[in-house]
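Here is my input, please return the structure:
(one chain, ligands or ions: 1)
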Amino acid sequence: MPDYGKYSFWLETAGDQLRPRPALFQSAEVDVAILGGGYTGLWTAYYLLRENPGLRVAVVEKEIVGFGASGRNGGWCSSKFPVTPRMLEQRFGRDAARSLMLAMNASVDEIARFCQDEQIDVSFHKGGILALARGAYQLPLIRKAYAGYERLGLSSQYHLMSAEEARQRVNVTEVHGALYASENASVHPGRLVRGLARAIERHGAVIYERTEVTDFAGGAAPRLLTPGGELRAKKALVLAGEAYLTRLSKLHRALLPVYSLIALTEPLTERQWSQIGWQNRESLASSNYTVDYLTRTPDGRILFGSRGAPYRFGSKITDDQDRHAETHARIRRTVVEWFPMLEGIKFTHTWGGPVGMPRDWMPAVAFDPATRIGFARGYTGQGVSTTNLAGRVLAGLIAGRRSGLETLPLAQRQSPDWEREPLRWIVVRYMQDAFLRIDTAAKTGQPSPKDSFIAEFLGKH
Ligand SMILES: Cc1cc2nc3c(=O)[nH]c(=O)nc-3n(C[C@H](O)[C@H](O)[C@H](O)COP(=O)(O)OP(=O)(O)OC[C@H]3O[C@@H](n4cnc5c(N)ncnc54)[C@H](O)[C@@H]3O)c2cc1C
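Here you go, the predicted structure:
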């Protein structure tokens, strides 16, 4: 059996023993059967049980609760949605975009409410996000982002900062300005997912671990198939396996698994923190295509995350992709570029995991009463609070209850499938390489590569 603590610092420090719960060893029947012990599956179970305490709900998890992205992420519990406000407005109109953004804000507060009610200590800290313009070329990007929020009437939560103001918050090199967003928190992701699992058990759910779902069927007799037996569901099946869903042949092209990787420093000294500032513990980012996200952990370390690990042919997900020497070396170098006073700092942990990217970048939550199959997926790298919203939407759809959330643009929709191989591999590898080249050129003041417009076009379509 794997040493699950090795998969991330968050699982290692989750505060429990990570001993697997019993597997499903014979066929059983419940009302709702859920594939996946990450936030999506667990939030859905939580809201179903809160609404209907007598419901028989079971979760089936291939490894242990929190094994996937939910136990490995950057700890941003943010109101950011995977699609920008500008794109949301273009696709769904102003009112729908605004409602979705407000629902995301509410999700951050709902997670705080849940942790308080269930007495789960996740080090919840509402410090906001500071999106830095690192390099003058990033200034138009943060201004454009601000304009998008302004058009939705949300500007009171966002504040454009001068370079000086931003540097007073955190002493990072090359800062030309920043966009501050107040409605964001950071959490200990491992404690959240493990605590959420214990909470749903207290509310009556059963969790089977070390049990792989090999197939599923909807219709007259909805069921999850596992090596130990079938889990039949009288009311609904929920498919909540995010990137890992692509391992099921029926869902192989539903998402693209893209690896996000993290490096974590040792705890910084008081002296180092006094040079850096960052007293308010905002979540930090810049506006790179290759994405960088930073968290100041509750125990005083810097977590630095980034994309960039190459896509593997056939959407392969394997443990050996959790660590990619070249990308992790780039991340470690970038930490010192951002914070030169940390030259020589030790990195105690590196890890990573797959995020699930839909073909149109838009998360989808749906339940079909005819097949009785429900799903919520496609958060890319923004799932900590989006899964909470998705769980509430899905629980409402399954219960047939109107809450208003079912009219949000992520509900009752499905993204198109990704291309078949080898086209998928060719396009994704090309885009990954192009984005890295665009970032490098911008950073070094070189002209943008000639093919930038192709990568940018593909990135939007
Ligand atoms: C490195 C990294 C950093 C990230 N940083 C952030 C961040 O800072 N903020 C943010 O908002 N989001 C972040 N994300 C994304 C976020 O973590 C995810 O969107 C979210 O956790 C998805 O939750 P989930 O429950 O849908 O999927 P997961 O947490 O991946 O859970 C799916 C579960 O289903 C199980 N499963 C899958 N298939 C089967 C099967 N056939 N049988 C049984 N079980 C199965 C898996 O083992 C897994 O435990 C990050 C992700 C990664 C990988």
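
and the residue of the stretch 51-200 of the chain found nearest the ligand, how many neighbours does it have?
Relative to the ligand, the nearest point of the stretch 51-200 of the chain is G68 (2.4 Å; Cβ to the nearest ligand atom). Glycine gets a C-beta too; all of them are placed from N, C-alpha and C. Look at G68: counted by other Cβ atoms under 10 Å, it has 30 neighbours.

Pretty sure L245 is one of the things it touches, is it not?
No. In this structure G68 lies outside contact range of L245 using Cβ atoms under 8 Å: 10.4 Å.

got the contact list for the closest residue in space to G37 that isn't next to it in sequence?
Of all residues not flanking G37 in the chain, E61 sits nearest, at 3.2 Å (Cβ to Cβ, 6 or more residues apart in numbering). With contacts defined as Cβ atoms under 8 Å, 6 or more residues apart in numbering, the neighbours of E61 are 36-37, 41, 67, 207-211.

Can you pull up the most central residue in the chain?
G383 (3.0 Å; Cα atoms, centre = their mean).

Which residue lies closest in space to the residue of the stretch 51-200 of the chain closest to the ligand, excluding its sequence neighbours?
G68's closest residue in space is G38 (Cβ to Cβ, 6+ apart), at 4.6 Å.

how deep is that neighbour tucked in, by neighbour count?
27.

Next up, the contacts around it.
65-71, 193, 240-242, 387.

so how far is W425 from it?
Computed with Cβ to Cβ, to the nearest Å, the distance linking G38 and W425 is 26 Å.

Nearest spatial neighbour of Q382, chain-adjacent residues omitted?
Nearest-residue entry for Q382: P82, 4.5 Å, with adjacent residues in sequence omitted and distances by Cβ to Cβ, 6+ apart.

So R301 sits against A263, correct?
No. Under the criterion of Cβ under 8 Å, R301 is not in contact with A263, lying 10.2 Å apart.

of the two, who's got more company?
Neighbours per residue, other Cβ under 10 Å: of R301 and A263, the larger number sits with A263, 25 against 19.

For the stretch 301-450 of the chain, which segments count as strands?
302-306, 347-357, 364-368, 373-377 (DSSP state E, counting those that start in this stretch).

what sits against the one residue in the chain that gets nearest to the ligand?
Using Cβ to the nearest ligand atom, G383 is the residue of the chain that sits closest to the ligand, at 1.8 Å. G383 makes contacts with 39-40, 69-70, 73, 242, 355, as judged by Cβ under 8 Å, 6+ apart.

Swap in 10 Å and give it another go.
38-40, 68-70, 73, 76, 82, 242, 355-356, 363, 376-377, 390 (Cβ atoms under 10 Å, 6 or more residues apart in numbering).

if I look at it, how far off is T407?
Taking Cβ to Cβ, one finds G383 at 22 Å from T407.

Around the ligand, which positions in the stretch 51-200 of the chain sit nearby?
60-63, 67-70, 72-76, 78 (Cβ under 6 Å from any ligand atom).

Of those, which is the nearest to E419?
Of all these, E419 sits closest to A69, with 23.3 Å by Cβ to Cβ.

Which residue, other than its chain neighbours, is closest to the closest one?
That would be G353: by Cβ to Cβ, 6+ apart, it lies 5.2 Å from A69.

got it, and R312?
Nearest to R312 is Q321, by Cβ to Cβ, 6+ apart, at 6.6 Å.

same check, this time on V258
V258 sits nearest to M357 (Cβ to Cβ, 6+ apart), 5.0 Å away.

same question, E337
T173 (6.6 Å).

wait, doesn't the one you found sit right on S286?
No. T173 is beyond contact range of S286, at 11.0 Å (criterion: Cβ atoms under 10 Å).

most tightly surrounded among the strands of the stretch 301-450 of the chain?
strand 373-377 (a mean of 26; mean count of other Cβ atoms under 10 Å).

elements contacting that one?
strand 28-35, helix 39-51, strand 229-239, strand 364-368, helix 386-399 (3 or more Cβ pairs under 10 Å, 6 or more residues apart in numbering; DSSP states H and E).

Run through the neighbouring helices and strands of the third one.
To tie it back to what came earlier, the one meant is strand 229-239. strand 28-35, helix 39-51, strand 57-60, strand 215-217, strand 223-226, strand 364-368, strand 373-377, helix 386-399.

okay, now A97: neighbour count?
A97: 25 neighbours (other Cβ under 10 Å).

scratch that, R21 is what I was asking about
Count around R21 with other Cβ under 10 Å applied: 17.

how many neighbours does the closest residue to it other than its chain neighbours have?
Using Cβ to Cβ, 6+ apart and skipping the chain neighbours, the partner closest in space to R21 is E209 (4.4 Å). Neighbours of E209 under the rule other Cβ under 10 Å: 21.

For E209, give its distance to G66.
On the measure of Cβ to Cβ, E209 and G66 end up 10 Å apart.

Can you pull out the low-pLDDT segments for the stretch 251-400 of the chain?
Scanning the stretch 251-400 of the chain for pLDDT under 70 picks out the ranges 290.

Get me the contact residues on it for the ligand.
260, 262, 293, 305, 352-353, 355, 379, 381-384, 387.

Look up phi and psi at V175.
phi -80, psi 130 (degrees, to the nearest 10).

Many thanks, we can stop here.
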